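**Student:** mind folding the following:
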Amino acid sequence: MERVQKRASTAGADGSATRSEESGTALELLVHGVGGTTPEKMLDDPRTVRITGDDTAAVFRRAEDAEAESAPDEHRGRPVPEAYVWCNLTSGNGTRALWLLLLPFMVVNLAHWMRPTARGRKRTVRLYGLLVRLAALSLTVLLVAAVCEVALDLAAWQCAGTRACAERHSWLGFLSPTVSDGGWWSRPGRRLALAALVPAALTWLLWYLSHRTWSAYESQQPMSRTSEPDEETGRTALGRPGFWYGRRLVARLRAAHTTAGLLTVAAAVGTSAARFDHRPGGPALLDALGRLLEAALVAAAVGVVWVVCRRGRSENRLDRELDAHLVRRLPLTALVLLALAAVYAGWERPGWESAGRLPGDATFGGIALVQGLIVIALAAVADVLHRAHPDPRAAMRGLGGPAVAMLACAVGGVMSGGVSQRVADWLDGTGTNIPGPPVLLTWQASVIPPLLVVLLVLCGWLAWRTWLLRRAELATVARDYPDEHRDTMRTRRIARARAAATLTDRGPLLVAVTSTTTLLLGAGALVGAMTTNKAPAEAAQRTHAFVEGAAETAQALGSWLIGLGFILFVTWGRRAYKDASARRTIGILWDVGTFWPRAAHPFAPPCYAERAVPDLTWRMATWTEATGGRLVLSGHSQGSVLAAAAAWQLKPSVRKRVGLLTYGSPLERLYGRWFPAHFGPAALSALHHDVDCWRNLHRPTDPIGGPVRLPGDCGPEVDREALKDPLAYGRTDAHPLPAPILGHSDYQADPAFAEERERLLARLRPDVPAQRPQDDSGRSSA
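**Tutor:** So this is what the prediction gives:
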């Protein structure tokens, strides 16, 4: 294997193989899309060998092509195909199931990259990134607070403090003052200190997952290079040397978020005891210690916010530094404060008994209020950026980032409420022994049915529009397949596929309606909980019969729905842990959501592109330098996005030796609309100018890929006319059996694919040098 890797990677560097200027050697580097595949399928050959890479991501060739550079005459007239397989970066072993816990973190991280295009507004861009990082920090606090609610409030405080509940759950007996007959652990503070191990363990688990993936992904160093005179990276940040190397920032954010989680646990334990000590006539010493502890927690929290706000990404260079002292000392400080809070709470306090709830309403209400204000401020900043440089194709007029941040907060709220509600029902199914979760969580669950009603209405409207479009497509299908015997069912299937493919373009409307409705309903839930301090059904008593009935129905249905969602979530995670196919389905979600580096939330699933893009860049740069050959970079679906990102990372002299072939590509349709600052018209136009040639294939039945839509004369140079799908309407000599509707798959089955590849290779002439040597007079020699 080592011999194959060495020969395939360096042939020609020492003269062992003829240069491509003489032999015409060409390479086609294939990059697959979402869902993953095998090298055997990509290369259409059961015998493949790994050229370079490891079990996570690697480059493969057919066995007969393993040493193609040493025998160029055998491959004259056709490119040598290579397959870059990266699917294990997102759908590896069973631990990937744990990534489901990180869904809100992944979504808020996407919001960072959705900012509108900005030129000359560095302060506004920094403010946008700062607000997203603060929203991400609030999600960490929310998740840890939810676990504190379950472990400290529901289990240790309410259930263990109630005889009937403690007797029903014998494992809590040693914490109950009555069941354990006043045992040592039955004191309220000691119960809270012991229960604090659960949220502390969750915080450690998040730190561990982030650190483990940080070592595997963010620590993959891109190719170090110096800028060339004609190099310009202002059109998109993806061409900057340090864009795919966020090691320093992720380490800083990981320390800050770990500290925030531990401080949340310490506050839940310490402030509960301090409230008892602050009462009139309380012990003076414990009162003073409680105030010192609270001051220390506030100071540490201010330090965390400062760390999050202080520094953003370093993209203009490879930032190899690490803030070692901060990364180590900040979580250690929080751990010390947590230990002090546990000791303080566990001190003997005669007369302290657990009654009612811990102050969860104030905690969750404050988090919800802060998140709402951050989203509103983020929308204002995004609007300013969009108005400065309007992009008509940008999703939601530049407000995609704030909308997605709102959805991240909503998902976090649903997960928090679902866990709390299910645990409360499990501990006390009748709801008569313990008070249950905070009122605000009940209100938030009660707004889910109205939200679903709005979404059902919207989906009905979209279905009606799709049906109208399908009718219009019937005539278009007839024009695209003239002189064919009409088959009504066949025509309807094709028209239906084309109409359904356009639903992707309705995504911004769906996100806009969902996020706006969520913001309004969430604000209503917060106001209702804070003003009444009662659950919706109780607050609506003695009102109009319709209002009372609606409140009762919403509360009951919301509790049922959030419980069902929690059960499905746990079931899906368990299945993904055991079943590789289910894990691959989750991997498809991560293929789309984890392309971007962790710039906002360090606990988000890792960015696979920080491994994949350097892999592709190193392969292309070393192969072209060693052989001087022609290279076609061929990317399908998400693979086309990786291909574009890798091309931007090449030196201009190498980039000019590369032809780009994309098919089923979401570069403009999804990334250009949702991430306009990085894949907008200016960035894609620059990519077209920088590579030697670029062709893009798409189908009207493809729900993901589409045309690149470059402005002016560049558009036809890149986009081929939409391919026919199916290839044949009826039975023909070439297709004696009915041709399938391929949609997003099997672009290689269309003859246009081979035709466009040959056109790219023809343009990449063998006599185009990477860098012409100079003679003694300083002129380029032929």
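
**Student:** what distance do you get for Ile434 to Arg349?
**Tutor:** 22 Å (Cβ to Cβ, to the nearest Å). Where C-beta positions appear, they are placed from N, C-alpha and C, glycine not excepted.

**Student:** correction: His744
**Tutor:** Counting by Cβ to Cβ, the gap from His744 to Arg349 is 64 Å.

**Student:** and for Ala342?
**Tutor:** In terms of Cβ to Cβ, Ala342 sits 14 Å off from Arg349.

**Student:** more neighbours: which of the two?
**Tutor:** Ala342 (22 against 17; other Cβ atoms under 10 Å).

**Student:** not counting its neighbours along the chain, what's nearest the more buried one?
**Tutor:** Ala193 (3.9 Å; Cβ to Cβ, 6 or more residues apart in numbering).

**Student:** give the other helices and strands that the host helix or strand of Leu297 contacts.
**Tutor:** Assigned by DSSP states H and E, Leu297 belongs to helix 284-310. Under the contact criterion of 3 or more Cβ pairs under 8 Å, 6 or more residues apart in numbering; DSSP states H and E, helix 284-310 touches helix 122-148, helix 247-277, helix 324-345.

**Student:** that one to helix 247-277, inter-axis angle?
**Tutor:** Angle of helix 284-310 versus helix 247-277, following axes from the mean of the first three to the mean of the last three Cα atoms, to 10 degrees, is 160 degrees.

**Student:** buried residues in helix 284-310?
**Tutor:** 286-287, 289-290, 293-294, 296-297, 300-301, 303-304, 307-309 (16 or more other Cβ atoms under 10 Å).

**Student:** of those residues, just say which sits nearest to Arg757.
**Tutor:** Val308 (47.4 Å; Cβ to Cβ).

**Student:** ok, His544 to Ala551 distance?
**Tutor:** 10 Å.

**Student:** higher neighbour count, these two?
**Tutor:** Between His544 and Ala551, Ala551 has the larger neighbour count (other Cβ under 10 Å), namely 20 against 9.

**Student:** contacting residues around that one?
**Tutor:** With contacts defined as Cβ atoms under 8 Å, 6 or more residues apart in numbering, the neighbours of Ala551 are 446, 536-537, 539-540.

**Student:** ok, so of the residues you listed, who is nearest Ala497?
**Tutor:** Nearest to Ala497, judged by Cβ to Cβ, of these is Ser446 at 39.8 Å.

**Student:** helices and strands around the host helix or strand of Leu462, which ones?
**Tutor:** Following DSSP H and E, one finds Leu462 within helix 448-480. Under the contact definition 3+ Cβ pairs under 8 Å, 6+ apart, helix 448-480 sits against helix 488-501, helix 507-532, helix 545-578.

**Student:** the ones you listed: which one's closest to Asp692?
**Tutor:** Taking these one by one with Cβ to Cβ, helix 488-501 is closest: 31.0 Å.

**Student:** pLDDT weak spots in the stretch 101-250 of the chain?
**Tutor:** 225-234 (pLDDT under 70).

**Student:** ranges for the strands of it?
**Tutor:** Assigned by DSSP state E, counting those that start in this stretch, the stretch 101-250 of the chain shows no strands.

**Student:** show me where it has helices.
**Tutor:** 103-113, 122-148, 163-168, 188-195, 197-213, 247-277 (DSSP state H, counting those that start in this stretch).

**Student:** dump those helices to JSON lines, plus distance to Ser559 and mean neighbour count.
**Tutor:** Listed next are the helices of the stretch 101-250 of the chain as JSON lines, based on distance: least, Cβ to Cβ, whole Å; neighbours: other Cβ atoms under 10 Å:
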{"stretch": "helix 103-113", "distance to Ser559": "21", "mean neighbour count": "25"}
{"stretch": "helix 122-148", "distance to Ser559": "16", "mean neighbour count": "22"}
{"stretch": "helix 163-168", "distance to Ser559": "19", "mean neighbour count": "16"}
{"stretch": "helix 188-195", "distance to Ser559": "24", "mean neighbour count": "23"}
{"stretch": "helix 197-213", "distance to Ser559": "23", "mean neighbour count": "19"}
{"stretch": "helix 247-277", "distance to Ser559": "24", "mean neighbour count": "25"}
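
**Student:** can you list these in a markdown table and add distance to Arg397?
**Tutor:** Formatted as a markdown table, the helices of the stretch 101-250 of the chain follow (distance: least, Cβ to Cβ, whole Å):
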| stretch | distance to Arg397 |
| --- | --- |
| helix 103-113 | 16 |
| helix 122-148 | 15 |
| helix 163-168 | 52 |
| helix 188-195 | 47 |
| helix 197-213 | 34 |
| helix 247-277 | 29 |
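
**Student:** and the ones you listed: which comes nearest Gly366?
**Tutor:** helix 122-148 (9.6 Å).

**Student:** from the contact counts, what lies against the closest one?
**Tutor:** Packed next to helix 122-148, using 3+ Cβ pairs under 8 Å, 6+ apart, are helix 103-113, helix 197-213, helix 247-277, helix 284-310, helix 360-388, helix 400-427.

**Student:** where does pLDDT dip in the stretch 501-650 of the chain?
**Tutor:** For the stretch 501-650 of the chain, the ranges with pLDDT under 70 are 573-574, 576-590.

**Student:** and stretch 506-519, how far out from the chain middle?
**Tutor:** 18 Å (Cα atoms, centre = their mean, to the nearest Å).

**Student:** how about it: buried residues?
**Tutor:** For stretch 506-519, by 16+ other Cβ under 10 Å, it's 507-508, 511-515, 517-519.

**Student:** which one among those gets closest to Thr236?
**Tutor:** For the buried residues of stretch 506-519, the nearest to Thr236 is Pro508 (21.5 Å; Cβ to Cβ).

**Student:** so what's that closest one up against?
**Tutor:** 395-396, 400, 673.

**Student:** again, only using 6 Å
**Tutor:** Pro508 makes contacts with 395-396, as judged by Cβ atoms under 6 Å, 6 or more residues apart in numbering.

**Student:** kindly report the same for Arg61.
**Tutor:** 51, 82.

**Student:** then the helix or strand containing it to PDB, C-alphas only?
**Tutor:** For Arg61, the host element (DSSP H and E) is strand 58-62. Provided in PDB are the C-alpha atoms of strand 58-62 (Å, rounded to 0.1, in the frame of the first residue of the first chain):
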ATOM      1  CA  ALA A  58      -9.100   8.800   1.600                       C
ATOM      2  CA  VAL A  59      -8.400   9.000  -2.200                       C
ATOM      3  CA  PHE A  60      -9.000   5.800  -4.200                       C
ATOM      4  CA  ARG A  61      -8.200   4.600  -7.700                       C
ATOM      5  CA  ARG A  62      -9.000   1.500  -9.700                       C
END
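
**Student:** name the strands paired with that strand and say parallel or antiparallel.
**Tutor:** Under the criterion DSSP bridges, strand 58-62 sits next to strand 48-53 (antiparallel), strand 80-85 (antiparallel) in its sheet.

**Student:** got TSV for those, with distance to Cys459, mean neighbour count and mean pLDDT too?
**Tutor:** As requested, the strands paired with strand 58-62 are exported to TSV (distance: least, Cβ to Cβ, whole Å; neighbours: other Cβ atoms under 10 Å; pLDDT from 0 to 100):
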stretch	distance to Cys459	mean neighbour count	mean pLDDT
strand 48-53	43	19	94
strand 80-85	37	24	94
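
**Student:** including distance to His169, could those strands go into TSV?
**Tutor:** Converted to TSV, the strands paired with strand 58-62 look like this (distance: least, Cβ to Cβ, whole Å):
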stretch	distance to His169
strand 48-53	51
strand 80-85	49
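
**Student:** tell me which of those strands sits nearest to Thr25.
**Tutor:** Of all those, strand 80-85 comes closest under Cβ to Cβ, at 7.2 Å.

**Student:** roughly how far apart are the nearest residue to Asp615 once chain neighbours are set aside and Leu134?
**Tutor:** What sits nearest to Asp615 in space, not counting adjacent residues and going by Cβ to Cβ, 6+ apart, is Ala57, at 5.8 Å. Note on Ala57: its distance to Leu134, by Cβ to Cβ, is 34 Å.
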